[in-house]
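1. Generate a structure from the sequence data that follows.
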Amino acid sequence: MSDGNNGNFSRSRRGIYHTARRKIYPGGGSELLVCNRPVFREKGWEAREESAPKRGKAQSAEPEQPQQPKAAADTERAARRAAAAVRDLALCNDFRWFVTLTLDSARIDRYDIKTITKRLNTWLDNQVRRAGLRYVLVPERHQDGAIHYHGFVNDVSGFISSGTWSVPERKKPVKPRSAAQRREWAAREDCHEVYNWENWTFGFSTAIELYGDYHSAVAYVCKYVRKQTAEGKIGGRWYYSGGELRRPQVELLDLGVYDMIDAGAYRFEVPEAGLVFGIRRE
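-> Next comes the predicted model:
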């Protein structure tokens, strides 16, 4: 039977798993992640289990490893994967706006996550079909348990000036006292006009055009994903994304993690799984 790369046949586990994964982003950026074990699986293959050696009567089975508490570790790993997915989407797409979407209790129950999720999905789907929306949004709870969202959207219609500005010396957006002050803020690199997204019908919205170090803005949104690890996914979703989104090109390699770490890559571990990783971003 052929062992070709058409995805129709099985291959051994050793043949379809690799120790390194490189993601290549539009514009030339990349991320290389290397592990001490082959954990990155090629797409299109069904793993074939290797035959285990038969044991004679004189041989004793290896002792079972003690079971480790899995819930917290699994949640943390899932959050890391979700944050990485959000990062990939943000780096592969030309988003224009950073938005915060809140809910008005007069329009929707701010605490009923099932109702919120259902209506949000319908609204997002309509915006994708009618306006060409592309987005990635991360849910967060207020201190009182109500839901709101942070994230990125592309250059679509419906953004109008709120008349307020984000000014470093003020905690909340403020209105300029005069036309002269508005011109002063407009000339400063650390002041930014705040917009509202009039298409958002469930409450209040703020939007600021993305500026400065885009990677810092991406990290800011990703932190909201990892913030959920204490309670798990909000409404069963780490994040929401949709529209015609691009994703990074991925290639699998076989590299040594310790060589990469010695060369300056950032090291992190997953002790419960016995995994050591090195990561380098360029």
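
2. buried ones in the longest helix along the chain?
-> Longest helix in the chain by number of residues, with DSSP state H as the criterion: helix 71-92. Along helix 71-92, the positions that meet the burial threshold by neighbour count (16 or more other Cβ atoms under 10 Å) are 75, 78-80, 82-83, 85-92. Just so you know, the C-beta spots here come from the backbone N, C-alpha and C atoms, and that holds for glycine as well.

3. And for stretch 272-281?
-> Applying a neighbour-count criterion of 16+ other Cβ under 10 Å, one finds 276, 277, 278, 279, 280 buried in stretch 272-281.

4. Likewise for stretch 156-167?
-> By neighbour count, with 16+ other Cβ under 10 Å as the criterion, the buried positions of stretch 156-167 are 156, 158, 159, 162, 164, 165, 166, 167.

5. can you tell me which two in the residues you listed are farthest apart?
-> Maximum pairwise distance in the buried residues of stretch 156-167, criterion Cβ to Cβ, is 26.5 Å, between 156 and 167.

6. Tell me where the model's unsure across this structure.
-> Along the chain, the parts satisfying pLDDT under 70 run over 1-15, 44-70, 230-231.

7. how about the helices in it?
-> With DSSP H as the criterion, the chain has helices spanning 13-16, 71-92, 113-131, 179-187, 214-226, 257-262.

8. Output those in a markdown table, with distance to residue 106 appended to each entry.
-> Formatted as a markdown table, the entries for the helices of the chain read as follows, by distance: least, Cβ to Cβ, whole Å:
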| stretch | distance to residue 106 |
| --- | --- |
| helix 13-16 | 54 |
| helix 71-92 | 31 |
| helix 113-131 | 14 |
| helix 179-187 | 32 |
| helix 214-226 | 26 |
| helix 257-262 | 54 |
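
9. So which of those is nearest residue 240?
-> helix 113-131 (6.7 Å).

10. Show me the contact partners of that closest one.
-> For helix 113-131, the surrounding residues in contact (Cβ atoms under 8 Å, 6 or more residues apart in numbering) are 103, 108-110, 133-135, 147, 156-158, 199, 201-202, 234-237, 240, 242-243.

11. Please, a PyMOL command that selects the buried ones among the residues you listed?
-> Selection of buried members from these for PyMOL, criterion 16+ other Cβ under 10 Å:
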select buried, resi 103+108+110+133+134+135+147+156+158+199+202+234+237+240+243
